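Visitor: how would this look folded up:
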Amino acid sequence: MSILINTPPLPNIPWEAKQESFDKRSPMWRYSGNPVIPRNLSANSNSIFNSAVVPFNGGFAGVFRCDDTSRRMNIHAGESKDGINWIIKDNPIDFIKTNPDLPDSEYKYDPRVVLIDGRWYVIWCNGYHGPCIGIGYTDDFEKFYMMENVTMPFNRNGVLFPRKINGRYAIFTRPSDSGHTQFGDIIYSESPDLEFWGRHRHVMSPVNSSQSGWQSTKIGAGPAPIETTQGWLMIYHGVLTSCNGFVYSFGGALLDLDKPWQVIARSRPYFISPQEIYECAGDVPNVTFPCAALVDGNTGRIAVYYGCADTVTSLTFGMVDEIVDFIKKNPV
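Guide: The predicted model follows:
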């Protein structure tokens with residue numbers, strides 16, 4: 001029986017069954033056709049990665065990080081019939097400001113998209129005197145509206161919950177600095193209106209390298225949390241500082257349904273780490289960075305989109321029940 005809560009059926013979820021070569025040390029396995037989105041799928045893109053995908057109108061829609069050949073960071077809309085073959089618009093999203101006094105963005109990157117009460121909300125890292133969390137919404141993936149920034153600089157990895165918690169909107173963020181942050185904890189916050197945020201709670205910190213080295217430098221939330229009978233399933237990335245630089249992997253944690261800042265368990269082993277050539281070689285080597293998850297409420301199948309080496313986008317699959325069981329059996 002599935003342990004999912006409030007998760008609708010998704011019979012056309014992108015899917016590939018386990019192969020005989022499946023690495024049994026992990027509850028997830030890679031799509032044999034990776035990467036699913038090449039670096040040059042839009043007209044001027046240098047790279048397409050760390051992007052958000054959701055079910056929409058019988059197919060799929062998404063918001064994609066596209067760094068262009070001038071290496072400017074921005075986000076573009078895209079669509080797909082099957083979640084694997086994508087059409088991504090050549091021009092960045094032209095947001096309509098909900099308030100004419102809203103400041104312009106210097107850049108946008110690493111978006112997430114989540115459906116809350118019938119509206120699609122887009123969250124991204126927004127350039128405003130340094131990185132902060134930007135937010136907007138769309139009803140049709142054609143017109144997009146920008147709202148007030150969620151945080152002041154410096155902050156990254158904004159991830160909204162798919163429903164209100166105790167009557168309020170909820171979000172994960174990771175306060176940072178102005179550079180390539182050498183630290184990072186996950187913080188939970190709530191809002192009555194998606195504009196004014198408070199009730200801040202610490203969720204998780206990196207752990208000692210002797211316990212779990214892949215998440216010993218910094219961590220950050222990935223796709224929108226998934227509601228299960230065992231708690232919120234949060235897939236998150238972790239960073240190890242090696243002699244050759246940062247290495248980005250990802251794993252998962254279970255959080256209390258009513259108080260999501262309380263950790264029930266988090267995985268000591270990673271789910272996915274940079275091992276394939278498309279994950280190890282690119283503009284930023286050795287990066288696997290999850291930003292979106294599709295889930296079929298009937299079967300418990302999950303498909304996670306993740307950025308590879310800050311260059312392309314790939315897919316990995318699993319079963320929610322097995323992932324939750326893996327976390328509980330292999331805690332930090």
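Visitor: Isn't Ala170 up against Leu194?
Guide: No. Contact criterion CB atoms under 8 Å: Ala170 and Leu194 do not qualify, at 10.5 Å. (C-beta placed from N, C-alpha, C; glycine too.)
Visitor: what about those two, which has more around it?
Guide: A direct count of neighbours by other CB atoms under 10 Å for Ala170 and Leu194 places Ala170 higher, at 24 against 17.
Visitor: does that one belong to a helix or a strand, and which?
Guide: strand 169-175 (DSSP states H and E).
Visitor: What distance do you get for Glu16 to Ile37?
Guide: 16 Å (CB to CB, to the nearest Å).
Visitor: Neighbouring strands - and their directions - for the strand holding Ala170?
Guide: Strand 169-175 sits in its sheet next to strand 155-160 (antiparallel), strand 186-191 (antiparallel), going by DSSP bridges.
Visitor: what residues does the longest helix along the chain touch?
Guide: Looking across the chain with DSSP state H, the single longest helix is helix 320-329. Residues from elsewhere that reach helix 320-329 (CB atoms under 8 Å, 6 or more residues apart in numbering): 2-4, 26-28, 226, 228, 230, 233, 251-254, 265-267, 271, 295, 300-302.
Visitor: what mean pLDDT does it have?
Guide: Mean pLDDT, computed over helix 320-329, is 98.
Visitor: Stretch 120-132 too?
Guide: The model assigns stretch 120-132 a mean pLDDT of 97.
Visitor: in it, what's buried?
Guide: 120-128, 131-132 (16 or more other CB atoms under 10 Å).
Visitor: ok, of those, which one's closest to Asp68?
Guide: Gly127 (14.8 Å; CB to CB).
Visitor: For the closest one, what are phi and psi?
Guide: phi -90, psi 110 (degrees, to the nearest 10).
Visitor: check contacts around it.
Guide: Counted by CB under 8 Å, 6+ apart, Gly127 has contacts 73, 105-108.
Visitor: so how many other residues sit close to Lys259?
Guide: 11.
Visitor: does it sit in a helix, a strand or a coil?
Guide: coil (DSSP: H, G, I helix; E, B strand; the rest coil).
Visitor: Next up, the contacts around it.
Guide: Arg201 are the contacts of Lys259 under CB under 8 Å, 6+ apart.
Visitor: now it: how far from Tyr188?
Guide: Taking CB to CB, one finds Lys259 at 9 Å from Tyr188.
Visitor: Quick one: residues in contact with stretch 86-99.
Guide: Counting by CB under 8 Å, 6+ apart, 36-37, 41-45, 48, 62-64, 66, 74-80, 105, 108, 136, 143-148 sit against stretch 86-99.
Visitor: so how far is that stretch from its chain's centroid?
Guide: Centroid separation for stretch 86-99 versus its chain: 19 Å, with CA atoms, centre = their mean, to the nearest Å.
Visitor: now do stretch 317-326
Guide: 17 Å.
Visitor: go on, stretch 316-326?
Guide: Worked out by CA atoms, centre = their mean, stretch 316-326 lies 17 Å from the chain centre.
Visitor: Tell me the buried residues in it?
Guide: Buried, per 16+ other CB under 10 Å, within stretch 316-326: 316-321, 323-324, 326.
Visitor: could I get it in PDB with only the CA atoms?
Guide: Extracted as PDB, the C-alpha positions of stretch 316-326 are listed here (Å, rounded to 0.1, in the frame of the first residue of the first chain):
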ATOM      1  CA  THR A 316      16.500   9.300 -11.700                       C
ATOM      2  CA  PHE A 317      13.700   7.000 -10.500                       C
ATOM      3  CA  GLY A 318      12.500   5.300  -7.400                       C
ATOM      4  CA  MET A 319       9.600   4.200  -5.200                       C
ATOM      5  CA  VAL A 320       8.500   6.500  -2.400                       C
ATOM      6  CA  ASP A 321       8.000   3.600   0.000                       C
ATOM      7  CA  GLU A 322      11.500   2.200  -0.700                       C
ATOM      8  CA  ILE A 323      13.100   5.600  -0.300                       C
ATOM      9  CA  VAL A 324      11.400   6.200   3.000                       C
ATOM     10  CA  ASP A 325      12.300   2.800   4.200                       C
ATOM     11  CA  PHE A 326      15.900   3.400   3.100                       C
END
